[in-house]
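Engineer: Kindly generate the corresponding structure for this input.
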Amino acid sequence: MFPAVLTSLCFALTAVSAKQSTALVGPIRANFYRLLIAILILGVLTSFTRQSLDASLNFLFFIAGAVGFGLGGFCVMQSLKRLGAPLTLLVVESLTAIFAGGLAWIVLKDGMSLSQILSCGIILAGVIVAGTSGWRKKDFQHLERKDYLEGFAFTAVASVFQAVSLVISRHAFLLAKQGALEVSKIDAAFVRLIGGLGIAMALLAYQYLKMRKEKDKWVPFVNRGESLRHQPYIWASANALFGPVLGVTCWLWAVSVMNPGIVQSIAATSPLISIPVARLLESHRIGSQFYMGAVVAILGITALVLW
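Structural biologist: Numbers count the residues shown, from 1 in each chain. The predicted structure follows:
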């Protein structure tokens with residue numbers, strides 16, 4: 001339970017930083033930068049663990065990273081650009097919990113008990129109530145219908161990719177358990193990053209060729225003369241640290257011992273943390289509905305522990 005709670009905290013912080021970096025350099029470059037910085041950090045950390053993974057496990061974690069980090073991360077960045085951090089995080093994390101639980105049951109025969117399903121349902125209900133608090137029509141008047149449709153489409157696709165990535169990782173850990181193999185969560189996260197970075201590099205190359213053809217200019221990674229708040233490297237680094245490095249390492253730790261649906265349901269509480277932060281950065285307000293939903297979500301987590 002503890003690693004899943006840590007995952008929620010990290011995912012909340014990475015969503016806010018991802019929104020800021022996406023606004024500065026665009027979704028494709030923001031995704032590439034965060035993965036590049038993260039792989040450098042984890043590369044250093046894995047040099048200390050010195051644990052080589054089984055070839056079959058390496059392949060599974062690589063594919064999980066390509067799907068989750070590469071494709072899923074790209075879709076999340078596209079949604080952040082259109083819908084903002086609170087709404088994107090709310091939809092992606094909630095849908096991923098449902099998809100992950102269903103896929104784990106269908107593909108891995110790794111189901112949840114009725115009490116666990118009900119508890120997870122209470123958590124998600126609380127998250128939805130809290131996540132939609134303070135929303136007013138005027139808060140979204142700047143968004144065009146096209147932004148809504150594209151934004152929600154990207155969140156739905158991102159949720160599927162994230163769920164598939166989660167279930168593949170769970171499958172790898174179950175295989176390791178059957179073979180009595182030790183799996184370093186840091187090494188697993190590093191291999192996942194390699195797969196994700198490959199997809200991100202391909203997307204970046206495509207964007208570069210397109211921009212070169214249209215003679216567009218790149219926004220610099222370091223904006224000289226600008227404050228730290230307007231520096232892409234600050235937000236990309238924060239995104240890398242709280243997402244692919246800390247967040248996903250905790251995520252893998254949780255998945256190694258718990259059903260993906262349960263893990264993601266707890267991780268879905270991340271909007272409860274990101275909303276207050278986004279209030280400061282994106283001028284989102286918090287109403288009494290937020291606190292009511294937060295209490296319901298906490299009751300759901302409590303039910304998971306007690307049942």
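Engineer: residue boundaries of the helices in this protein?
Structural biologist: Remark: helices assigned in the chain by DSSP state H are 2-25, 27-49, 55-65, 73-83, 85-107, 114-131, 145-178, 185-214, 232-240, 246-255, 260-267, 271-282, 288-306.
Engineer: tell me the angle the first one makes with helix 73-83.
Structural biologist: If I follow you right, that is helix 2-25. Calculated by axes from the mean of the first three to the mean of the last three CA atoms, to 10 degrees, helix 2-25 forms an angle of 60 degrees with helix 73-83.
Engineer: if we can go back for a sec, so which of the helices of the chain is nearest R224?
Structural biologist: Ranking those by proximity to R224 (CB to CB) places helix 232-240 first, at 11.6 Å. Glycine gets a C-beta too; all of them are placed from N, C-alpha and C.
Engineer: ok, and what's touching that closest one?
Structural biologist: 13-14, 17-18, 20-21, 24-25, 30, 33-38, 41, 219-223, 228 (CB atoms under 8 Å, 6 or more residues apart in numbering).
Engineer: cutoff 6 Å now
Structural biologist: The contact list for helix 232-240 (CB atoms under 6 Å, 6 or more residues apart in numbering) reads 14, 17-18, 20-21, 24-25, 33-34, 37-38, 221-222, 228.
Engineer: Could you list the low-confidence segments of the stretch 1-150 of the chain?
Structural biologist: Counting by pLDDT under 70, the stretch 1-150 of the chain contains low-confidence residues at 49-52, 86, 134-143.
Engineer: Looking at the contacts of helix 232-240, state which has the most neighbours.
Structural biologist: The most crowded member of the contacts of helix 232-240, judged by other CB atoms under 10 Å, is R34 (33 neighbours).
Engineer: number of nearby residues for the nearest residue to F99 once chain neighbours are set aside?
Structural biologist: Once flanking residues are discounted, F99 sits nearest to A163: 3.5 Å by CB to CB, 6 or more residues apart in numbering. A163 has 26 neighbours, counted by other CB under 10 Å.
Engineer: give the contact list for A163.
Structural biologist: By CB under 6 Å, 6+ apart, the neighbours of A163 are T96, F99, A100, L103.
Engineer: nearest to S56, of these?
Structural biologist: Checking these against S56 by CB to CB gives L103 as the nearest, at 19.9 Å.
Engineer: Tell me how far that closest one lies from S265.
Structural biologist: 14 Å (CB to CB, to the nearest Å).
Engineer: Which one of the two is surrounded by more residues?
Structural biologist: Under the criterion of other CB under 10 Å, the comparison of L103 against S265 puts S265 first, with 33 against 20.
Engineer: winner for burial among the helices of the chain?
Structural biologist: With neighbours taken as mean count of other CB atoms under 10 Å, the helices of the chain reach their highest mean count in helix 260-267, at a mean of 29.
Engineer: which secondary structure elements does it contact?
Structural biologist: Judged by 3 or more CB pairs under 6 Å, 6 or more residues apart in numbering; DSSP states H and E, the packing partners of helix 260-267 are helix 2-25, helix 85-107, helix 145-178.
Engineer: can you list contacts of it?
Structural biologist: Here helix 260-267 has contacts from 4, 7-8, 11, 96-97, 100-101, 104, 112, 120, 123, 166-167, 170, 254-255, using CB under 6 Å, 6+ apart.
Engineer: quick one on the thing from earlier: hmm, which two among the contacts of helix 232-240 are most spread apart?
Structural biologist: Across these, no pair lies farther apart than T14 and V222, at 20.9 Å, counting by CB to CB.
Engineer: Next one: the nearest residue to L53 once chain neighbours are set aside from G73, what distance?
Structural biologist: Nearest non-adjacent residue to L53, counting by CB to CB, 6+ apart: D187, 5.8 Å away. To G73, D187 is 20 Å away according to CB to CB.
Engineer: Now do stretch 26-36: everything it contacts.
Structural biologist: Here stretch 26-36 makes contact (CB under 6 Å, 6+ apart) with 21-22, 73-74, 77-78, 81, 196-197, 200, 203-204, 207, 236, 239-240.
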